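Peer 1: Any chance you could fold what I've pasted below:
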Amino acid sequence: MTRDSTETPPAGGPPEPAPDNAREVASPEARMVPAAGHEEPPMTAELELQADPLDLPLPTEPPEPRAEPVEPPPEALVPEPPSSEPELVAPTTTRTGEPAEIDPRELDPDALKVVLRLHGHGHQAYLVGGCVRDLLLKRKPKDFDLATSAHPGEVRATFRNCRLIGRRFRLAHVYFKGGKIIEVSTFRANPSELEATNEEDSADNGNGNGDDLLITHDNVFGTAEQDARRRDFTINGLFYDVSEGRVIDYVRGRRDLDEHYIRTIGDPEIRMREDPVRILRAVRFASKLNFDIESRTYAAMEGAVEDLPRCAPARLLEETFRLIRGSVAAPSLKLLSALDALKILLPPVDAYLKQRGREGERIFYAFAEALDRRVASGEPLDDAILLATLLVPISRAAPPPVESQELGAKPSVSQAIEDLLASFVQTARLPRRIAERCRLLLLAQRTLTGERRRRGASFRRHPLFSEAMTVFEISVEATGEFREALEAWKGGELPPVRSEGAPAESEPGRKRRRRRRRRGPAGRPGEGAEAAAPGSTPEDTQGDADGEDDSGPDSDEPDEA
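Peer 2: Numbering: from 1, shown residues only. A predicted model of the protein is given here:
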């Protein structure tokens, strides 16, 4: 997905390194309902707008944000009272009389409200980034972000339904009815502008610090043009001036939108080394928009793959999940495989593709494409389901693990998958509950295919049965295998027993196993023949009428032969 091109955005602006997605998470305390009794100074008549859904006074000293953001409580979302003021709309024409470059009807009314209020308080404010890109491509934006000349404290003073988040760089979240959040950032400059001066002084004194370009901080305010040039790709550096009805393009992003190019702003070698996570972002945009990656940018991505381990594992995992959640898993994973980045992001997948060759690629990408179709249909899928679906072919290809016969021993999936999930939990901050659910979903696939036998009624009552069936349906759609077993489960029956090297049984039931009897001290059958012998396994004493055990997908009992 690359094309040769020698054109680059014009030089002359300041250097533009900056990590993307550097937004910090907020703490639950940072979004608590503000205390009552604090009054806001009245606004002038010309600046008054309709009341905000969370137009409530803030506490005197808001707590320091520390953890993930949470939605404001429902009681804080009060309906907007009726207002006699005219509805705020964006102009439909520019000052020259030409039509606005973006139809005002496509703009989010709440984002428009924030922009116009900031204008009314004397600040610059523009729609920025992905929403401008998508509107110009006639796509529906996922959300609307703003950039402004107002500092975070000034934004909070302007909107009483506002919370500040982040440690290194403060962002403002303005809340609206229904849990909608409009994110407002202050114009940022390239931090290397200050570093360049220091490095020159250090070099003159013989104290240079080498060629390490990795960005470790991004906390410098700047102008609108500086903010545009510090962004990652030209198509994400576009601003939209609502009051003028025109797109502001400091980085020649309109040209790349028209030519369907993914191109970095500035030298691609420097930009990728500064923040290697941009490799995953470039892959996501190319797959999502069906754009080509400019040749110099692609070459820089290949060279920066070795720097991916230096990035925070949590950022890498989140960007990987974004690829899967965006219904572009198949093309994205193909690009990452070509870049040799899967060995860092998903080692078991990389090993499977290299060991299985073309046949392995065909099977794996069939699963990824089936998953993309399911996500594109709008069905909400949990992260555990997304990850388990991609790992099903690896789980089936691996030899069945030797499970311990000790009472209470956990059944396990292949060691490679166990190691991957453990690594995600320990280093990438994947919630343990998601990793455990993924493991159980993979174990349940062996039951659904008939490899493991479990009592049907009990298995269907298990909390993960519905999710396990979703993964099973996607796998059947991908390969066409086990369709009869799927229909049997849907029809309330059990699938035929499947054992390696033997045809599946035609009857769903099994013969009853003979109960094992223990002998007394004299070699005679003991009077307590029905009792369990000390140290026996659950199968030793089981006497169900159908000869099946009574455990679910996460049973700790060993498999039956």
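Peer 1: would you list every one of the strands in the chain?
Peer 2: Counting by DSSP state E, the chain has these strands, from start to end: 2-3, 125-128, 145-148, 162-165, 171-175, 181-186, 238-241, 246-249, 261-262, 292-294.
Peer 1: and the first one, what's its mean pLDDT?
Peer 2: Read it as strand 2-3. Per-residue confidence for strand 2-3 averages out to 60 on the pLDDT scale.
Peer 1: returning to that earlier point: mind putting the strands of the chain into CSV with mean neighbour count and distance to Phe367?
Peer 2: Quick note: C-beta positions are derived from backbone N, CA and C, even for glycine. As requested, the strands of the chain are arranged in CSV below (neighbours: other CB atoms under 10 Å; distance: least, CB to CB, whole Å):
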stretch, mean neighbour count, distance to Phe367
strand 2-3, 16, 26
strand 125-128, 26, 37
strand 145-148, 23, 34
strand 162-165, 22, 37
strand 171-175, 24, 37
strand 181-186, 22, 34
strand 238-241, 24, 36
strand 246-249, 18, 40
strand 261-262, 24, 26
strand 292-294, 23, 25
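Peer 1: can those go into a markdown table with extra columns for distance to Arg396?
Peer 2: Output for those, formatted as a markdown table (distance: least, CB to CB, whole Å):
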| stretch | distance to Arg396 |
| --- | --- |
| strand 2-3 | 34 |
| strand 125-128 | 45 |
| strand 145-148 | 42 |
| strand 162-165 | 43 |
| strand 171-175 | 44 |
| strand 181-186 | 41 |
| strand 238-241 | 45 |
| strand 246-249 | 50 |
| strand 261-262 | 35 |
| strand 292-294 | 33 |
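Peer 1: could you say what helices and strands the single longest helix found in the chain packs with?
Peer 2: In the chain, assigned by DSSP state H, the helix with the most residues is helix 347-376. In this structure, helix 347-376 makes packing contacts with helix 313-325, helix 329-338, helix 342-345, helix 383-397, helix 415-427, helix 465-479, judged by 3 or more CB pairs under 8 Å, 6 or more residues apart in numbering; DSSP states H and E.
Peer 1: And it, what's buried?
Peer 2: Judged by neighbour count (16 or more other CB atoms under 10 Å), helix 347-376 contains these buried residues: 348-350, 352-353, 356, 360, 363-368, 370-372, 374-375.
Peer 1: same thing with stretch 130-150?
Peer 2: For stretch 130-150, by 16+ other CB under 10 Å, it's 130-136, 141, 144-150.
Peer 1: So which of these sit within helices?
Peer 2: Gly130, Cys131, Val132, Arg133, Asp134, Leu135, Leu136.
Peer 1: Just the terminal-to-terminal distance for stretch 319-337.
Peer 2: 15 Å (CA to CA, to the nearest Å).
Peer 1: Kindly report the same for stretch 323-337.
Peer 2: Start to finish, the residues bounding stretch 323-337 are 13 Å apart (CA to CA).
Peer 1: Give me the below-cutoff pLDDT ranges for the stretch 101-250 of the chain.
Peer 2: Applying pLDDT under 70 to the stretch 101-250 of the chain picks out residues 191-219.
Peer 1: Please repeat the previous calculation with a cut-off of 80.
Peer 2: Applying pLDDT under 80 to the stretch 101-250 of the chain flags residues 167-169, 190-219.
Peer 1: Flag the helix or strand of the chain with the lowest per-element mean pLDDT.
Peer 2: When each helix and strand of the chain is scored by mean pLDDT, DSSP states H and E, helix 538-541 comes last, with a mean of 36.
Peer 1: who touches Ala422 in this structure?
Peer 2: Residues in contact with Ala422, defined by CB atoms under 8 Å, 6 or more residues apart in numbering, are Ala435.
Peer 1: looking at it, Ile248 is touching Leu238, isn't it?
Peer 2: Yes: with contact defined as CB atoms under 8 Å, Ile248 reaches Leu238; the gap is 7.2 Å.
Peer 1: so what's in contact with the two at the same time?
Peer 2: With contacts defined as CB under 8 Å, 6+ apart, the residues shared by Ile248 and Leu238 are Ala228.
Peer 1: Isn't Leu107 up against Ile182?
Peer 2: No: between Leu107 and Ile182 there is no contact, the gap being 11.8 Å when judged by CB under 8 Å.
Peer 1: list residues touching both of these two?
Peer 2: Counting by CB under 8 Å, 6+ apart, the common neighbours of Leu107 and Ile182 are Phe144.
Peer 1: Show me what Asp249 bridges to in the sheet.
Peer 2: Residues in a beta bridge with Asp249, per DSSP bridges, are Leu238.
Peer 1: quick one, what contacts the residue nearest to Ala224 when sequence neighbours are not counted?
Peer 2: Using CB to CB, 6 or more residues apart in numbering and skipping the chain neighbours, the partner closest in space to Ala224 is Phe187 (5.5 Å). Neighbouring residues of Phe187 by CB under 8 Å, 6+ apart: Gln124, Ala147, Thr148, Ser149, Phe221, Gly222, Thr223, Ala224, Gln226, Asp227.
Peer 1: Let's see that with 10 Å instead.
Peer 2: 124, 126, 128, 147-151, 220-228, 230 (CB atoms under 10 Å, 6 or more residues apart in numbering).
Peer 1: Could you do Val413 as well?
Peer 2: For Val413, the contacting residues are 388, 391, 394-395, 398, 400-401, 420-421, 438-443, 445-446, taking CB under 10 Å, 6+ apart as the criterion.
Peer 1: which residues touch the nearest residue to it once chain neighbours are set aside?
Peer 2: On the basis of CB to CB, 6+ apart, the spatially nearest residue to Val413 that is not a chain neighbour turns out to be Leu442, at 4.8 Å. For Leu442, the contacting residues are 384, 387-389, 391-392, 394-396, 412-414, 417-418, 421, 468, 471, 553, taking CB under 10 Å, 6+ apart as the criterion.
Peer 1: per-residue pLDDT, Leu442?
Peer 2: The pLDDT attached to Leu442 in the predicted structure is 93.
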